[in-house]
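Asker: this one's structure only:
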């Protein structure tokens with residue numbers, strides 16, 4: 001898992017999350033997963049939205065767009081924290097972490 005890899009590399013911050021989208025037919029659920037407690041992953045649904053069923057059903061797009069923007073915000077926030085962490089490490093350590 002991605003969270004395990006980050007922890008193995010030494011990045012152990014509570015506010016870093018991993019995001020995911022589960023698509024079941026036309027229903028999409030946005031999840032975030034974190035590791036606040038030792039060995040206990042929390043998978044939290046943050047939004048549910050639907051894809052348009054036909055060309056007459058575009059009223060569902062604003063909620064879908066808003067949900068995906070929230071995912072983007074969470075991903076950028078976590079990526080910036082990871083980048084700042086790896087920027088402090090030397091190149092040899094970073095190369096070993098990628099393997």
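Answerer: Yes, it's here. Note that the structure is a prediction, hence the values are computed from the model and not measured. Numbering: from 1, shown residues only.

Asker: other SSEs contacting whichever strand or helix holds residue 61?
Answerer: Using DSSP states H and E, residue 61 sits within helix 61-87. The contact analysis (3 or more C-beta pairs under 8 Å, 6 or more residues apart in numbering; DSSP states H and E) places helix 61-87 against strand 18-24, strand 27-37, strand 40-50. Where you see a C-beta, it was placed from the backbone N, CA and C, and this is true even at glycine.

Asker: what is the burial count for residue 68?
Answerer: Residues lying near residue 68 (other C-beta atoms under 10 Å) number 15.

Asker: residues touching it, list them.
Answerer: By C-beta atoms under 8 Å, 6 or more residues apart in numbering, residue 68 lies in contact with residue 30.

Asker: again with residue 78
Answerer: For residue 78, the contact set (C-beta under 8 Å, 6+ apart) comprises 16-18.
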